[in-house]
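Trainee: what's the 3D shape of this:
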Amino acid sequence: MPVDSSYLTSRLSYFKDESSRYQLFYIPEQYQEEAGTALQLLVKGTGAHAGLDGTEQYPWAVPLVCVLTFIVLFLASKKKSVFLVPSVFPLMLSFSQPFYVVAAAVCLSLLALYLINGLWIRRKFASAIFRSIYIDVLIFVPMVLLFSSGLLYGFLGLGIFAAITLSFVLMKFMHDYREYKSAFSFLPIFSAWQIPVVYKRTAKWLIGAVLPVSALIALFLISTMVAPAASMNGLSVPSPVQSGGEIRSQLPTISDYYALMWQMATFPYKSLHEDNSKPPADGDKITVSHFTETENGIQKTEDILFTYNDKYRTGLKNQVKELDYGAIEKLMISQGESVPVVYSTGAESKTDSQHNTMNLILLFLAAGIPLVLYGAYFVNGRKKYENSK
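Mentor: Take a look at the predicted model:
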């Protein structure tokens, strides 16, 4: 059976949309900044109907919400340097990972640092933090949000928590050193256990914390429902699906290229009656038998000509990378071997829709936490008032 060469024609699908009405061109990454200007000149000069897909801008509005939250709480805090130093770390996270759920976690973390600020330098400072349900929740929930967004964000959150803890330790060391060098040492009368974490002055910021998270929810809804996902107005183009699962690739991948190269290399050594269209499995071998006459008779030996394994595929991959032109296989290699490629409008796929729904749930959770804490403060205050009557 001849070699199945359908890959050679199916790979052409990368250069057209699903309806075959538009041609697709892949622009090297080094020309990304000039692509928009070049496209405008092309459309203006020729009147061609063209556009760019997958162009994204840095979402400055997301970390800006965190910065505004920081500024407000910084101005409201009593010990501004104590609030400033540890706040740098979550703010860095909001800029390096400008995602809505991450930003919501950062806003709640800043609120926790604001509440901690009132306990600073009092006796039993560290233990008072872990005794306060308000602070504990505002530490725990951001970690839940980050881990729910992905393990990477969760571990980054743990790193931020460690950095904040270390900053408090260093500030305490510097404070004690200055007190040691000073002629007079001041010690607060009340310990941190005796100071309420949430009272009339700080309680209003529990309600205020809902505002930045609500702003993030609004920005998220605008970005997913109102703003177009691509400048090609929903054109269905080849797109890799990172969370493949059981999704079947509609377009050939680099694994199909490996299979074709294997079939072409091994075809001369196979029987004409053998099904050569079957994709190779890892460990498949092509051997040639040799017969030699010895004193003990005719002996058969097997020479291995080809073995389909990582080494064989790496050799093919290196050959593709050494090509002096932009082969589509180079794009396939960059996408990965186990990543399926399907036609997508750039608007949401099923996986994207589920991901957006999960993000929206997490954002509403983040917005509800300050309200729940304020409710706990209000109920606790009412109980104390009624008991004092």
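
Trainee: only C-alpha atoms from now on, for both contacts and neighbour counts.
Mentor: Will do.

Trainee: SS state for Ser289?
Mentor: Put simply, Ser289 is strand when judged by DSSP: H, G, I helix; E, B strand; the rest coil.

Trainee: low-confidence bits of this protein, can you list those?
Mentor: Counting by pLDDT under 70, the ranges of the chain that qualify are 1-3, 54-57, 180, 183-193, 225-234, 242-247, 276-277, 346-354, 381-389.

Trainee: list phi and psi for the residue in it sticking out farthest from the centre.
Mentor: For the chain, the largest distance from the centre (Cα atoms, centre = their mean) belongs to Glu295, which lies 68.2 Å off. Glu295 adopts backbone torsions of phi -60, psi -30, taken as degrees, to the nearest 10.

Trainee: check the one 10 residues further on too.
Mentor: Note on Leu305: backbone dihedrals following degrees, to the nearest 10 are phi -90, psi -40.

Trainee: can you give me the neighbour number for it?
Mentor: By other Cα atoms under 10 Å, 12 other residues sit near Leu305.

Trainee: please apply the same query to Asp256.
Mentor: Neighbours of Asp256 (other Cα under 10 Å): 19.

Trainee: Gly47 now?
Mentor: Gly47: 10 neighbours (other Cα under 10 Å).

Trainee: one more: Leu113?
Mentor: Leu113 has 23 neighbouring residues, counting by other Cα under 10 Å.

Trainee: one more: Phe161?
Mentor: Phe161 has 18 neighbouring residues, counting by other Cα under 10 Å.

Trainee: equivalent analysis for Ile135, please.
Mentor: Ile135: 23 neighbours (other Cα under 10 Å).

Trainee: now it. Its backbone dihedrals?
Mentor: Main-chain torsions, Ile135, degrees, to the nearest 10: phi -70, psi -40.

Trainee: same check on the one 4 residues further on?
Mentor: Note on Ile139: backbone dihedrals following degrees, to the nearest 10 are phi -90, psi -40.

Trainee: isn't it up against Leu111?
Mentor: No. Ile139 is beyond contact range of Leu111, at 9.4 Å (criterion: Cα atoms under 8 Å).

Trainee: who has more neighbours out of the two?
Mentor: Remark: of Ile139 and Leu111, Leu111 carries more neighbours, 26 against 20, as counted by other Cα under 10 Å.

Trainee: return the list of helices and strands in contact with the helix or strand encompassing that one.
Mentor: Of the helices and strands defined by DSSP states H and E, Leu111 is found in helix 100-117. The contact analysis (3 or more Cα pairs under 8 Å, 6 or more residues apart in numbering; DSSP states H and E) places helix 100-117 against helix 61-76, helix 80-96, helix 133-149, helix 200-208, helix 210-221, helix 350-388.

Trainee: dump the ones you listed into a markdown table; add distance to Val342 as well.
Mentor: Formatted as a markdown table, these follow (distance: least, Cα to Cα, whole Å):
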| stretch | distance to Val342 |
| --- | --- |
| helix 61-76 | 30 |
| helix 80-96 | 29 |
| helix 133-149 | 24 |
| helix 200-208 | 44 |
| helix 210-221 | 25 |
| helix 350-388 | 12 |
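
Trainee: ok, which of the ones you listed comes nearest Leu8?
Mentor: Ranking the helices and strands packed on helix 100-117 by proximity to Leu8 (Cα to Cα) places helix 350-388 first, at 29.5 Å.

Trainee: not counting its neighbours along the chain, what's nearest Gly36?
Mentor: Leu52 (7.6 Å; Cα to Cα, 6 or more residues apart in numbering).

Trainee: just say helix, strand or coil for the one you found.
Mentor: Here Leu52 is recorded as coil under three-state DSSP.

Trainee: kindly report the same for Glu302.
Mentor: Put simply, Glu302 is strand when judged by three-state DSSP.
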